[in-house]
Every structure is written in structure tokens, then in C-alpha cells.
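Trainee: quick one, fold the following:
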Amino acid sequence: MKIAVIGAGNIIPFHLNALKHSGFEISHLGASLGSSRARKVCEDFKIPNILVNSEDLLAHHKEFDCILLAPRSDLLFEYLIYHHLI
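Mentor: Predicted structure coming up:
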């Protein structure tokens, strides 16, 4: 099963290790434009696609089966409000 992940913070390696151990293929990472941390996470976990905004992620929605939302805590509520999810 393919999963996309939003976020590249300090907790992400723990999530990604657990996902890989559970059999998920991490196909996309959504992170801030120019994020050196996101590039490193993609290299370390061999994630082939990095996307810089949610519109790009949505445009590729047929390429993965589910999404893990794991942005910085202060950004999560902004993200959910912006997309009218809360």
C-alpha cells in the first residue's frame, strides 16, 4: 500500500520507520518549499517524490492510497482550517 506523508519534522523518522516496518511504501512527501530537512528525509527513506504544496499533493492523489498528516503542530490547525476540514 502506498502512502503520502505531509511533514518533515523531527518526529517523521519514527513514523516512517513504523510505516515501512508495517509494509507501507512511502511514495510522496509534502513539505515546505526549499526544505533541506525534507530533502534529507527523502534521501534517507528513498522517497521518490517531494511536493511543496497541498495542491500538488492533491494533483497526484491517484498515486497513493492514504495520507499521514504530520506537519509541525503549529501548522496543523492552519492547514485544516485553510482546507475547511475543521
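Trainee: dump the residue contacts of the residue lying closest to residue 70 once chain neighbours are set aside.
Mentor: Nearest non-adjacent residue to residue 70, counting by Cβ to Cβ, 6 or more residues apart in numbering: residue 7, 3.8 Å away. The way it works is simple: take the backbone N, C-alpha and C, and place the C-beta from them, glycine included. Going by Cβ atoms under 8 Å, 6 or more residues apart in numbering, residue 7 touches 30, 31, 68, 69, 70, 71, 72.
Trainee: swap in 7 Å and give it another go.
Mentor: 31, 70, 71 (Cβ atoms under 7 Å, 6 or more residues apart in numbering).
Trainee: top of the residues you listed by neighbour count?
Mentor: Highest neighbour count within the contacts of residue 7, by other Cβ atoms under 10 Å: residue 31, with 23 neighbours.
Trainee: quick one: that one and residue 8 touch, right?
Mentor: Yes. Residue 31 is in contact with residue 8 according to Cβ atoms under 7 Å; the separation is 4.2 Å.
Trainee: for those two, list the residues in contact with both.
Mentor: residue 38.
Trainee: below-threshold pLDDT in this structure: ranges please.
Mentor: Within the chain, the segments meeting pLDDT under 70 span 54.
Trainee: please enumerate the strands of it.
Mentor: 2-6, 25-30, 49-51, 66-69 (DSSP state E).
Trainee: so which of the ones you listed comes closest to residue 18?
Mentor: Among these, the nearest to residue 18 by Cβ to Cβ is strand 66-69 (10.0 Å).
Trainee: pull out the buried positions in the closest one.
Mentor: By 16 or more other Cβ atoms under 10 Å, the buried positions in strand 66-69 come out as 67, 68.
Trainee: what's that strand in contact with?
Mentor: Taking Cβ under 7 Å, 6+ apart as the rule, strand 66-69 contacts 3, 4, 5, 6, 15, 76.
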